[in-house]
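Predicted model follows, preceded by the sequence.
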Amino acid sequence: MIRAELKKTLFCTEMIISIIIMFVCHICGAWNYLIDYLKGIYTPTLLNMFMTSIYSGIITIILPIICILPVVNGLINENASGYGGIIMIRTRRNRYVTAKIISSVVSGIYSVFFSSVLYVLFLYVVGFRIVLPNEKMADKGLLDGSVYWTLIEKNLPWLSLLLIIVIFSMTTISWTVIAFMASMYTKNKYILIVVPFLIEKLLIFVCYPFNELYYVNPLTWQIFSGTMMNSSCGGLIYEIIVQGIFILVGSVVISLNYRRRYRYA
């Protein structure tokens, strides 16, 4: 079942659209640096260009919407048609919920990871390099004190960049789980697309001003703030814990909802 669900999300048209839009947003997020480089005014490293695109407001705004595009139609259509109930007659409810959550989470991670890799390849073809000759210190101001800088010092800059891409891709988990939970209560795909976006905006106002909520914040800029970047594994442990909580809570909510809706399952 998991394999079938993954095929539906990873190889759909919406996945291609999601990857293309995220790729374009990466370029737009670092557009000024790209223009300066082409003019010969400034020569940032490839790592610096990637971090610049992440820090840009474009990525923050678009990420909660783009990462759920591959699963929106499937969630809405299955709930509206009662397909989930039919499947649960043939299999256990927990198995169905697990397959749907895994496919949703993987699709969000895949769309952002693949688009990020495309962006890195684009930068490399244009002429950017991971570490510039005799200019190894170019990224120290941004990454000093973090595991990313440690990897650069150990001549493993590509591993440093890969770790950033992996953690960045994991920030999609919360939005795909939220979209899945929201699909329990609406049959309108446009509302479903907007819900994660609105929650992202709400979290900015709720979590940012209060130190007590600082460490339960799933937003992208939180992961690459100085506090998290300088933590163990560059925030990877934090990200695994926070997103794991989202998956656990989402699984319980979704399972209970299906249990109420399909009592025979």
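Now that the structure is in, tell me what you want to look at. Computed from a prediction, not measured in an experiment: that's the story for all the values here. Numbers count the residues shown, from 1 in each chain.

roughly how far apart are the residue nearest the centre of the chain and Tyr124?
Nearest residue to the geometric centre of the chain (CA atoms, centre = their mean): Thr172, 2.7 Å. From Thr172 across to Tyr124, the span is 24 Å (CB to CB, to the nearest Å). In short, each C-beta sits where N, CA and C put it, glycine included.

do the same with Asn230
28 Å.

The two: which has the busier surroundings?
Asn230 (16 against 12; other CB atoms under 10 Å).

shouldn't that one be in contact with Tyr148?
No - checked against CB atoms under 8 Å, the pair Asn230 and Tyr148 is beyond contact range at 9.7 Å.

Helix or strand: which one has the nearest residue to Tyr238 once chain neighbours are set aside?
Closest residue in space to Tyr238, ignoring its immediate chain neighbours: Met228 at 5.9 Å, by CB to CB, 6 or more residues apart in numbering. Element membership of Met228 [criterion: DSSP states H and E] is helix 226-229.

Packing partners of that helix?
Using 3 or more CB pairs under 8 Å, 6 or more residues apart in numbering; DSSP states H and E, no helix or strand is in contact with helix 226-229.

Starting from that helix, tell me the next helix or strand along the chain.
Later in the chain than helix 226-229, the nearest helix or strand by DSSP H and E is helix 236-261.

Which positions within that next one qualify as buried?
Across helix 236-261, burial judged by 16 or more other CB atoms under 10 Å covers 236, 238-239, 242-243, 246-247, 250-251, 254-255, 257-258.

Equivalent analysis for stretch 38-52, please.
Using 16+ other CB under 10 Å as the test for burial, stretch 38-52 gives 44-52.

swap in stretch 60-75?
60, 62-75.

Between the residues you listed, which sits nearest Ser107?
Pro70 (4.4 Å; CB to CB).

tell me the contacts of the residue nearest to the centre of the chain?
By CB atoms under 8 Å, 6 or more residues apart in numbering, Thr172 lies in contact with 63, 67, 105, 108-109, 111-112.

Output the residues you listed in TSV, with pLDDT appended to each entry.
Formatted as TSV, those follow (pLDDT from 0 to 100):
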residue	pLDDT
Leu63	90
Cys67	91
Val105	93
Gly108	93
Ile109	95
Ser111	94
Val112	94
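
In helices, which of these appear?
In this view, these that belong to helices under DSSP state H are 63, 105, 108-109, 111-112.

Tell me which two in those are the farthest apart.
Maximum distance among the ones in helices among the contacts of Thr172 (CB to CB): 14.6 Å, for Leu63 and Val105.
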